[in-house]
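Enquirer: prediction below, plus the sequence it came from.
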Amino acid sequence: MHVLPRSLSPLRAIPQRIGLLICVATGCLVGAAQAANLPQQRQAFLQAEQALRGGQNGDYQRLKHSLQDYPLLPYIEYAELPGNLSGSNGDLVRRFLNRYPDGPLTDRLRSAWLLQLASQQRWREFLDFYQPSKSTELRCHHLAALIATGQREQAFSQVEPLWRVGRSQPDACDPVFDAWIGAGRVTARLAWARIALAIDAGESGLARYLKRFLNTGDQAWVERWLQVRANPGLILGAGEFSSPHPWREAILVSGLERLAHQQPQRTPDAWEILKRRYRFDAEQQTAARHAVALAYLRFLQPEALERLAGVDGADDPDIQRKRILLALEKNDWVHVLSWIDALRPADRASAQWRYWKGRALQQLGRRGEAQTLLAQVAQDRTYYAFLAADRSGQDYYLVDKPLQVDPALLRRMANQGSALRAQELLALGRTTDARREWRSLTRDLDAGSLKVAARLAADWGWRDQAIFTLARSDSWDDLALRFPLEHLDLVNRQASENGIQTPWVLAVMRQESAFAEDAQSPVGARGLMQLMPATARQVAQRLGQSRPDGMDLFRPETNIPLGAAYLSQIYQRLDRHPVLATAAYNAGPGRVAQWLPDRTLDADIWVETIPFRETRTYVQRVMAYAVIYEKRLGRKPGSIVQRMRPIAGAQDHGGNA
């Protein structure tokens, strides 16, 4: 999640209320005198930053002196560090790291300093400062440091996991690989292992580079494999594969898998030919049968269900799921039931498959068994539980248990360095840095401590972090914390004006942004309802409003009206069907039109067969969240099954789709 520039953060209202709010909610987590002094220190901090940037050293030192007990003092001292960490800056870096041993600034400084040391090949200093890292670049520099300081064997023992990847590694790894290769550590086995990964990842250039570690005969087989990936039909040419080779069968199975994607109709017959010509081991046979099963599922010939019954997919969750979905689409409840019963026990126990088993039992007239199973599934607060409740005549499970947190634990956490810094950064509207501090604070917490942190974030009014932090604790019963009623007056008004329901708008907002006003997706969707700027401009034009600029979309007073209007537009366009409109809000109306069934289909089946996992999960969550929001608004939740009426076939939608 990206965030706004600090000067435009939507959390700009926090400074006026944060001190009072914290005291009221948690019994005054900071001393009254310190809390009263925070506005002055905040102002001095901003002035100190300006003085430092302007080179006004005297003013800067005076202001810094007044900030010795201010939570954001590390940010001032970090800004003091030279922009070019070179020469004799090691003492400055060490002092900062010793004074502030944890937090995002510490991690950032250590990484920057290590990269600087590596660029200067100051390897002994590098080892002195290095700590285990997830960064591949730093890991490779660490191994280079070990090699340079005479610890070659220790370094070489750690190279293989970096080598066994199907993509090119950072340039920092090249000297390490060169030393490792020069020491004769690359065997044909290791070369083939990486070539296989590279070809599977579509990295043909890397695969060709790696050929140099093989003999001439093996190099020809690598080229043959690359040709098969480009033209999988070549696997049926007997002459190309007449000579035995340790990788021959693996190449053929790889080609069969490719054929299943490009020409699925040819795949079953191709496998029949291949298994008569060559000897495949058990793992290769399983992979080949998987390819055949996926091919059946892709071209959906009339006898696909019967043919799939003869394909061994008992250990393949992908095949298991897809063949159940195919049976659902065809309303073949006998196969639905038998294939759910064939699932592994752990999968069969999920709410998803217990619900569908209950549905199958109902459809097959085994109503007593269905009632018992669906009533069990209904004892939860999820999409499948709500569907099961409706189909078994149960009430929705909507118990709301506010989170109970020990005030002493809350005070202790609030006074930790990262918490104090996050709080002040929020007060300054610097949400990017605040989130970094929050991640540092909560990174290694156990479930109980995460609940305390979630309560603290909620007390600050930091809705998205309260939601995300509580979810990590596997605690789900505080509905007020998990489903806040933010901007309710504005949402009510816009829902009414656009002819849609308030719980639905809140549910979309909850799923899109978790009420982070400054949310921005990797593709550029912005704000509470995650509007793309182009979409927002089109909606505004239809409404006869001025075109919003990109920053406008981070303001609730702009984002919510445009988001509600867009939701209403696609709702009207898609036959006033909330399921289709919800899917279209995530994936676009064009894609939803492509996904419409050929004939009328129950909405729960249609949702289950949405080809994009992201959209499928999105729709399920929004439908469930709408039920919960009806409860939060003091209403009796309506039936989710009635809301999810059958999806008309594509021919019945006419031009509306």
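Expert: Structure received.

Enquirer: break this structure down into its domains, please.
Expert: Dividing the chain into domains by automatic domain parsing, as the record does, gives the ranges 6-154, 488-656.

Enquirer: so where's this protein uncertain?
Expert: 1-36, 84, 86-88, 300-315, 651-657 (pLDDT under 70).

Enquirer: deepest of the domains of the chain, which one?
Expert: domain 488-656 (a mean of 19; mean count of other CB atoms under 10 Å). All C-beta atoms are positioned from the backbone trio N, CA, C, and that covers glycine.

Enquirer: quick one, strands of the chain?
Expert: With DSSP state E, there are no strands along the chain.

Enquirer: residues contacting the nearest residue to Gln541 once chain neighbours are set aside?
Expert: Counting by CB to CB, 6 or more residues apart in numbering, Arg547 is the residue found nearest to Gln541 once chain neighbours are left out, at 7.0 Å. By CB atoms under 8 Å, 6 or more residues apart in numbering, the contact set of Arg547 is 537, 540-541.

Enquirer: columns distance to Ala581 on top of the residues you listed, output as TSV?
Expert: Shown next, in TSV, are those (distance: CB to CB, whole Å):
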residue	distance to Ala581
Arg537	20
Ala540	20
Gln541	20
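
Enquirer: and which of those is nearest to Val159?
Expert: Arg537 (51.9 Å; CB to CB).

Enquirer: could you check how far the residue nearest to Gln541 is from Leu562?
Expert: 11 Å (CB to CB, to the nearest Å).

Enquirer: same check on Ala648?
Expert: 29 Å.

Enquirer: who touches both of Arg547 and Leu562?
Expert: Ala540.

Enquirer: residue ranges of the helices in the stretch 301-450 of the chain, please?
Expert: Taking DSSP state H, counting those that start in this stretch to define them, one finds helices in the stretch 301-450 of the chain at 304-309, 317-329, 333-341, 345-348, 351-363, 367-377, 383-392, 407-414, 417-427, 431-442, 447-459.

Enquirer: could you give the angle of the third one to helix 351-363?
Expert: To tie it back to what came earlier, the one meant is helix 333-341. 150 degrees (axes from the mean of the first three to the mean of the last three CA atoms, to 10 degrees).

Enquirer: and helix 333-341, which residues are buried?
Expert: 333, 335-337, 339-340 (16 or more other CB atoms under 10 Å).

Enquirer: then the second one?
Expert: By neighbour count on 16+ other CB under 10 Å, the buried set for helix 317-329 is 319-329.

Enquirer: now that helix, how far from the centre of its chain.
Expert: 24 Å (CA atoms, centre = their mean, to the nearest Å).

Enquirer: same for that helix, what does it pack against?
Expert: helix 282-299, helix 304-309, helix 333-341, helix 351-363, helix 603-608 (3 or more CB pairs under 8 Å, 6 or more residues apart in numbering; DSSP states H and E).

Enquirer: check contacts around Phe515.
Expert: By CB under 8 Å, 6+ apart, the neighbours of Phe515 are 463-464, 467, 484, 486, 509, 528.

Enquirer: just the ones in helices from those, please.
Expert: Residues of the contacts of Phe515 located in helices (DSSP state H): 463-464, 467, 509.

Enquirer: Leu127 versus the closest residue to Gln284 other than its chain neighbours, what's the distance?
Expert: Spatial nearest neighbour of Gln284, chain neighbours left out: Val253 (4.9 Å); criterion: CB to CB, 6+ apart. To Leu127, Val253 is 45 Å away according to CB to CB.

Enquirer: same thing with Met509?
Expert: Taken as CB to CB, the span from Met509 to Leu127 is 50 Å.

Enquirer: cool, and Ser392?
Expert: Distance from Ser392 to Leu127, by CB to CB: 64 Å.

Enquirer: what's the answer for Leu109, then?
Expert: Leu109 is 17 Å from Leu127, by CB to CB.

Enquirer: and what of Asp59?
Expert: 40 Å.

Enquirer: and what of Gln47?
Expert: 41 Å.

Enquirer: can you check Ala287 too?
Expert: Taking CB to CB, one finds Ala287 at 44 Å from Leu127.

Enquirer: what sits against the nearest residue to Pro175 once chain neighbours are set aside?
Expert: Residue nearest to Pro175 in three dimensions, not counting chain neighbours: Ala144, with 5.3 Å by CB to CB, 6+ apart. Residues in contact with Ala144 (CB under 8 Å, 6+ apart) are 118, 123, 155, 172, 175-176.

Enquirer: filter those down to just the ones in helices.
Expert: Going by DSSP H, the helices hold 118, 123, 155, 175-176 from the contacts of Ala144.

Enquirer: biggest separation within these, which pair?
Expert: Ala118 and Ala155, at 14.1 Å, using CB to CB across those.

Enquirer: thanks a lot, see you next time.
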